[in-house]
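Engineer: next come a sequence and a model predicted from it.
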Amino acid sequence: MSGQVIFVSGIDTEIGKTVVTGWLARQWVEQGEHVITQKLVQTGCVGASDDILLHRRIMGTGLFDEDRDGTTMPALFAYPASPHLSARLEGRTLDFAAIEQATARLCERYEKVLLEGAGGLMVPLTEQRLTIDYVAQHGWPLLLVTSGRLGSINHTLLSLEAIAARGIALHGVAWNSRDDSTDEVIAADSRNFIREWVMQRFPLAQWYDVPQMDLG
């Protein structure tokens, strides 16, 4: 099996990438697809990726063998910061070879791998490499997560410009209503504006309306 990797990024940190990744994985599994999620790098945790654990809660699957052996969470750092800083503070480097080998193993076993990044598109993985450039290097399509919070139109359009400039295929845009603005007028207008913008300029892209979920 040679699975497809879809990279999940967002317009900012705390925009809902983890919730969207788990939700979309669950939708695809329910449609009969063989799907797993992976976290490219996680900071602010020890022993296990909090994001992977949340994916499994949303998917309702329990842990996979690939979670237990670390394949889905190949790079963990304790300090809650950008990966380049967390790695530096721990006196470590990000082992890209190990990460890529883990992703390759998942692709051998699953039809689709939803690979969630850390923070937004421009988050530095090292002092020389940004997340967006890592995605472009591998030629993966990208799912961009946004919401109706104030400022999201600007951040979303800037992100789409950066994606297009690097020749990255836009798999789709996911609208995370869980993190909408408390101003319903702003939230509704932002969704309509962004959706129209995406449909006109990226006609092959998917649009996902992600419902609010009770995460306990």
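Structural biologist: All right, it came through fine.

Engineer: partner strands of whichever strand in the chain runs longest and their direction?
Structural biologist: Ranked by residue count and defined by DSSP state E, the top strand of the chain is strand 112-120. Strand 112-120 has the following strand partners under DSSP bridges: strand 4-10 (parallel), strand 35-39 (parallel).

Engineer: reformat those strands as TSV; add mean pLDDT.
Structural biologist: Converted to TSV, those look like this (pLDDT from 0 to 100):
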stretch	mean pLDDT
strand 4-10	98
strand 35-39	98
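
Engineer: just these: most buried one?
Structural biologist: Most buried of these by mean neighbour count (mean count of other CB atoms under 10 Å) is strand 35-39; its value is a mean of 27. Yep, even glycine has a C-beta here, placed from its N, CA and C like the rest.

Engineer: hmm, who's touching that strand?
Structural biologist: The contact list for strand 35-39 (CB atoms under 8 Å, 6 or more residues apart in numbering) reads 21-22, 25, 28-29, 49, 51-52, 55, 59, 64, 66, 71-75, 102-103, 106, 109-116, 118.

Engineer: put the buried members of the residues you listed into a PyMOL selection.
Structural biologist: Burial among those is assessed by 16 or more other CB atoms under 10 Å; the matching PyMOL selection reads:
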select buried, resi 21+22+25+28+29+49+51+52+55+59+64+66+71+72+73+74+75+102+103+106+110+112+113+114+115+116+118
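
Engineer: what about the contacts of strand 35-39, which are in helices?
Structural biologist: Using DSSP state H, 21-22, 25, 28-29, 51-52, 55, 59, 66, 102-103, 106, 109 are the members of the contacts of strand 35-39 that sit in helices.

Engineer: for the helix or strand of the chain with the lowest mean pLDDT, packing partners?
Structural biologist: Between all helices and strands in the chain, the lowest mean by mean pLDDT, DSSP states H and E belongs to helix 184-201, at a mean of 94. Secondary-structure packing of helix 184-201 (3 or more CB pairs under 8 Å, 6 or more residues apart in numbering; DSSP states H and E): helix 152-165, strand 170-176, strand 206-210.

Engineer: cheers, nothing more for now.
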